[in-house]
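> kindly generate the corresponding structure for this input.
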Amino acid sequence: MTTTTLAVLVPLLPFLGAVAGLLLGRTVPGLVRPLAVLPTLVALVIAVLAAARHGGGADIDSATELTPTGSVPIELALHIDGFAALVAVLVGVVASCVQIYSTGYLRDDPRYPSYAALVSLFTSAMLLVVYSGDLMVLLVGWEIMGICSYFLVGHYWETPEARAASLKAFLVTKLGDVPFLIGLFALAVDAGSFRITTILAKVADGGLDHPTLIALLLLAGVAGKSAQFPLHTWLPDAMAGPTPVSALIHAATMVAAGVYFVARLLPVFAASSAALVVLAVMAAVTMAGSALAALAQDDIKRVLAYSTIGQLGYLTGALAVGDRGAAVFHLLSHGAFKALLFLGAGVIIHAAGTNSLAAMSRMKGLRDRVPDAFWTMTVALLALAAIPPFSGFFSKEAVLGAAEHAATGHSETAPTAAGWIVLVAGLVTALLTAAYATRLWLLAFNGQGPEAPDHGRQPVTMTAVLWVLAVPSLAFGLTVGVLPDWFDGHSLTPTLTTSVLGTGLALVGGLVTYGAWRHTTALAVRHPMGAVAADAGADGGLVEAEAIASHEPAYGDVAAAHDPADPGRLLLGPLHRHAAVGFHLDALYAALFVRPVQAAARLVRFLDREVVDTYVRGAGTAPRWLGAAVRRAQTGNVQTYLSALLAGTVVLAVAAVLVATVGA
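Numbering: from 1, shown residues only. Coordinates of the predicted model:
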């Protein structure tokens, strides 16, 4: 079997599993779990075989014309390079772990059959994006992921939070998809093809007429799909969905799609220095802002959601300095430890028995109750904080090293300004990342909140996948010497300067957070009623609590204002109240966009009902009144008809006499 055939089977098998699950899930319940797990596992095995056959060698291309268009052709094209081969393996690993994990996490959920089918369809769509060699086929997978996220985030549709979150995720990503689609068409017109290889060859020859405009249009879609500033606000609210869905979205699908798209088409963006600077600024604001927001959240899943936004900022930062190898390296590393963090959080939530107990301020005694989650999440948090020798250290240092390379003027494509922007923001974010990772570990496993009820041991299907994902979270960095052969050949080995700075800042962030936690814990013990007010700054704890309650979205962190042992409050000071609500971006967007659109909708409804409908009703009322008047003359009495005829005759005769007299 050829590598091309193997690659075709990789997205096809989860798709067939999804179709079979939707058709047979209700009628044959015994097939639900095998149809959810087996096709994805087989697809993973085939993806590994395809990657092994590729072996970091020459790219594999295959295409057939899908439909004649009369102008730019659309082809069912396959393109496998080192990036595609490894990212497909990542998607398969995470999707398989999520499906296995979900058999325990949602074992009593009546909607599990449709959930499992949608997860398989989600996986198939991402694999289509990874392997596609034609932008229109890639767009199909891109949009399927959007609709799957809508249904999966809204899985608990009985709750208003889930309904609002799914709608918000769909609308915000579609807001970015509109200019993205225009950019795709403009790129195809300039290049004369939707084929990625043809487009890149055209770019190499300097054939693009509008590179800056095309790049900026495409970046709008990337910002929406990969939750980058300013279209990142949907991702924290998407935590209202099941935790395994969060792991899938954050680690291997949807949000990874935008970054992967830029990596595949990086020469298009590199053709415009302005676009790279815009990408660098977007990455810098995303990194630093999301890290500050993560430091102020109380819900464990929202901390991880803001963490994902920030880590994706590292990826876009690496792309802004022209190093897609570093970007995809961190994408692979991040996929492993972020999936582990979300699935570990799911074990914690499952142990507590409900999503409502995901607030870290309400956790106590979890270290001994969920030892598997404790040890594996410790590994993942160390990787997130980029502490050597965990995988996150090597991949994050590859990004910082690429930024330093561009900042010192050694990059052939990236502007020096982009390098400095990404380097400074990356180092600041390294400090903040270690701070919120340490805070999460302390509050989740060493918290002083009320102890939640014990719901017994977790299913082995949930705990086993944690240890599977802990292996790459710990050891994936060892591939740093091999990966350049799969990518562009650029070295991914950490450089001394950024390694010392990045690791030093991470250690400082962790130690300072630990010290703040010890201080706030001791203060809470001595003054349990006044600790919050003492550490809240000039605003006062109660004022901040009310502010958070009034501005936070439905799936929020109001409990954060009441935790006396939260080091984030001490570290952020007056900034805490703003960071806790995402710096009020939701309120800003509501004022600038949502309310004007709602007001316009109310105006249109008024015009439709009171103006347009008035004419419509009048058009029906006038004939009805005329008919009623005519109907009164239809009495059925012959004498009445003869009298009317005689009267008419007399009137006509009189009129004729008058006319004749006047004429004479």
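
> could you give the average pLDDT over stretch 168-180?
On average, the pLDDT along stretch 168-180 is 94.

> would you agree residue 69 falls within a helix?
No - judged by DSSP: H, G, I helix; E, B strand; the rest coil, residue 69 forms no part of a helix; its state is coil.

> what is the neighbour count of it?
11 (other Cβ atoms under 10 Å). From N, CA and C alone the C-beta is placed, and that goes for glycine too.

> then the one 10 residues further on?
Applying the criterion other Cβ under 10 Å, we find 23 residues in the vicinity of residue 79.

> quick one: the strands in the protein?
All strands of the chain, identified by DSSP state E, fall at 60-67, 74-80.

> among these, which is nearest residue 621?
Closest to residue 621 of these, according to Cβ to Cβ: strand 60-67, at 51.5 Å.

> where's the nearest residue to residue 20 once chain neighbours are set aside relative to residue 307, distance?
What sits nearest to residue 20 in space, not counting adjacent residues and going by Cβ to Cβ, 6 or more residues apart in numbering, is residue 35, at 5.2 Å. Residue 35 sits 33 Å away from residue 307, going by Cβ to Cβ, to the nearest Å.

> now swap in residue 291 and tell me
From residue 291 to residue 307 the distance is 8 Å (Cβ to Cβ).

> now swap in residue 484 and tell me
Distance from residue 484 to residue 307, by Cβ to Cβ: 27 Å.

> how about residue 472, what does it touch?
93, 333, 336, 337, 391 (Cβ atoms under 8 Å, 6 or more residues apart in numbering).

> so how far is residue 289 from it?
Residue 472 is 28 Å from residue 289, by Cβ to Cβ.

> burial of residue 481, as a residue count?
10.

> how about residue 233?
19.

> measure it to residue 169 for me?
For residue 233 relative to residue 169 (Cβ to Cβ), the value is 10 Å.

> send the alpha carbons of stretch 495-506 over as PDB?
This file holds the C-alpha atoms of stretch 495-506, laid out as PDB (Å, rounded to 0.1, in the frame of the first residue of the first chain):
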ATOM      1  CA  THR A 495      20.800  28.900  22.700                       C
ATOM      2  CA  LEU A 496      22.700  29.900  25.800                       C
ATOM      3  CA  THR A 497      21.400  33.500  26.100                       C
ATOM      4  CA  THR A 498      17.700  32.800  25.800                       C
ATOM      5  CA  SER A 499      18.000  29.600  27.900                       C
ATOM      6  CA  VAL A 500      19.500  31.400  30.800                       C
ATOM      7  CA  LEU A 501      17.100  34.300  30.600                       C
ATOM      8  CA  GLY A 502      14.000  32.200  30.000                       C
ATOM      9  CA  THR A 503      14.700  29.600  32.600                       C
ATOM     10  CA  GLY A 504      15.800  32.200  35.100                       C
ATOM     11  CA  LEU A 505      12.600  34.200  34.600                       C
ATOM     12  CA  ALA A 506      10.600  31.100  34.900                       C
END
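
> buried sites along that stretch?
495, 498, 499, 501, 502, 503, 505, 506 (16 or more other Cβ atoms under 10 Å).

> helices - which of the residues you listed land there?
Among these, the residues falling in helices (DSSP state H) are 498, 499, 501, 502, 503, 505, 506.

> make a markdown table out of these and add pLDDT and distance to residue 650.
Converted to a markdown table, these look like this (pLDDT from 0 to 100; distance: Cβ to Cβ, whole Å):
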| residue | pLDDT | distance to residue 650 |
| --- | --- | --- |
| 498 | 94 | 112 |
| 499 | 95 | 116 |
| 501 | 96 | 113 |
| 502 | 95 | 111 |
| 503 | 96 | 115 |
| 505 | 97 | 110 |
| 506 | 97 | 110 |
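
> still on that earlier bit, ok, the buried residues of stretch 495-506 vs residue 277, which is closest?
The closest of the buried residues of stretch 495-506, once distances to residue 277 are taken by Cβ to Cβ, is residue 498, at 20.8 Å.

> give me the neighbour count for the residue nearest to the closest one when sequence neighbours are not counted.
Nearest residue to residue 498, sequence neighbours excluded (Cβ to Cβ, 6+ apart): residue 400, at 3.9 Å. As a burial measure, residue 400 scores 28 neighbours (other Cβ under 10 Å).

> ok, now residue 598?
Neighbour tally, residue 598, other Cβ under 10 Å: 11.

> name the nearest of the buried residues of stretch 495-506 relative to residue 368.
So of these, ranked by how close each gets to residue 368 (Cβ to Cβ), first place is residue 506, at 27.8 Å.

> report pLDDT for the closest residue to the closest one other than its chain neighbours.
The spatially closest residue to residue 506, leaving aside those adjacent along the chain, is residue 434, at 3.9 Å (Cβ to Cβ, 6+ apart). We have a pLDDT of 97 for residue 434.

> could you pull up the residues touching residue 434?
385, 386, 387, 505, 506, 507, 508, 509, 510, 513.

> from those residues, which two are the most distant?
Farthest pair in the contacts of residue 434, by Cβ to Cβ: 386 and 513, 14.8 Å.

> report the distance from stretch 412-422 to the chain centre.
27 Å (Cα atoms, centre = their mean, to the nearest Å).

> dump that stretch to PDB, restricted to CA.
Only the C-alpha atoms of stretch 412-422 are listed here, as PDB (Å, rounded to 0.1, in the frame of the first residue of the first chain):
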ATOM      1  CA  GLU A 412      16.700  36.600   5.900                       C
ATOM      2  CA  THR A 413      12.900  37.200   6.000                       C
ATOM      3  CA  ALA A 414      11.800  38.600   9.400                       C
ATOM      4  CA  PRO A 415      12.200  42.300  10.200                       C
ATOM      5  CA  THR A 416      14.400  43.100  13.200                       C
ATOM      6  CA  ALA A 417      11.400  44.900  14.900                       C
ATOM      7  CA  ALA A 418       9.400  41.700  14.800                       C
ATOM      8  CA  GLY A 419      12.300  39.800  16.400                       C
ATOM      9  CA  TRP A 420      12.500  42.300  19.300                       C
ATOM     10  CA  ILE A 421       8.800  42.400  19.800                       C
ATOM     11  CA  VAL A 422       8.500  38.600  20.100                       C
END
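
> show me what counts as buried in that stretch.
413, 414, 415, 418, 419, 420, 421, 422.

> what residue is smack in the middle of the chain?
Among the residues of the chain, the one closest to the centroid is residue 255, at 4.5 Å (Cα atoms, centre = their mean).

> that residue and residue 316: what is the separation?
Separation of residue 255 from residue 316 (Cβ to Cβ): 11 Å.

> which residues do those two both contact?
Applying Cβ under 8 Å, 6+ apart, one finds that residue 255 and residue 316 are jointly contacted by residue 226.

> burial of the closest residue in space to residue 198 that isn't next to it in sequence, as a residue count?
Nearest residue to residue 198 in three dimensions, chain neighbours excluded: residue 191, at 6.2 Å (Cβ to Cβ, 6+ apart). When neighbours are defined as other Cβ under 10 Å, residue 191 has 23 of them.
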